[in-house]
Every structure is written in C-alpha cells, then in structure tokens.
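>>> Quick check, what structure comes out for this input:
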Amino acid sequence: MWARTLRIMQNKRLFGIVLGVGLLLLIPLIAMQFANEVNWGPLDFVVAGALLLITALLCERAIRKVSKIENRVVICLGILLVFFLVWVELAVGIFGTSFAGQ
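Numbering: from 1, shown residues only. Model prediction:
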C-alpha cells in the first residue's frame, strides 16, 4: 500500500492529476454546505471522480504517446467532448437514456 502511494507521488504528473480531481470534487462538497440546490450523494462523488480521473488519464496518455501536437490536441478535444456529453447526460438527461440522473 505505502509502496504504491510512494510510486504515485514520484510521478508528479499523476499526483497532480489525482490532486486536481480531488480539488474539483471539493467544489460541490463545499457548495452543499451553503446551498440546498446542490444535493450530491456518495455515488455522485464516486461517479464524478471516476469520470474526471478517466478523462484526465486518457488525455495524459495521449500527450505521452502521440508525437504530433496537432494530433494530441484533436485527441484530447475528442476525449473532453465525450466527457462533457456523458456529464450532461448524467446531470440532466439531455439524450433521454436510461442512466440519466432523473
């Protein structure tokens, strides 16, 4: 367990990604303390964290593996577009699928 944590901390980019996801998840957690409109449950935080982490790791992989900058940008924009569409669907059910948040 500790060896794995140490290995993650040695990779500064990965540590920054995980830290960034954690900080982003603090936004709704803090908002829940002040507004009744924000009402997230534990599963909401798990799903949001997983989506953010997967998106960030996929972009990181594209940045490391793809050599041409133009291709990196296109791949990362595609990943971000898919992330946004999934997020919107889970939040408001814009496409009307069965896993929408309604």
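
>>> Now do stretch 67-84: everything it contacts.
51, 55, 58, 59, 62, 63, 66 (C-beta atoms under 8 Å, 6 or more residues apart in numbering). Glycine gets a C-beta too; all of them are placed from N, C-alpha and C.

>>> 10 Å - rerun?
51-52, 54-66 (C-beta atoms under 10 Å, 6 or more residues apart in numbering).

>>> And for stretch 86-102?
44, 47, 48, 51, 52, 54, 55, 85.

>>> I'd like to know which of the contacts of stretch 67-84 is nearest to residue 30.
Within those, the smallest distance to residue 30 is 16.3 Å, found for residue 52 (C-beta to C-beta).

>>> ok, that closest one touching residue 19?
No: applying C-beta atoms under 10 Å, one finds residue 52 not in contact with residue 19, separated by 11.7 Å.

>>> from the contacts of stretch 67-84, which would you call buried?
With burial judged by 16 or more other C-beta atoms under 10 Å, the buried subset of the contacts of stretch 67-84 is 51, 52, 55, 56, 58, 59, 62.

>>> In helices, which of the residues you listed appear?
Counting by DSSP state H, the members of those that fall within helices are 51, 52, 55, 56, 58, 59, 62.
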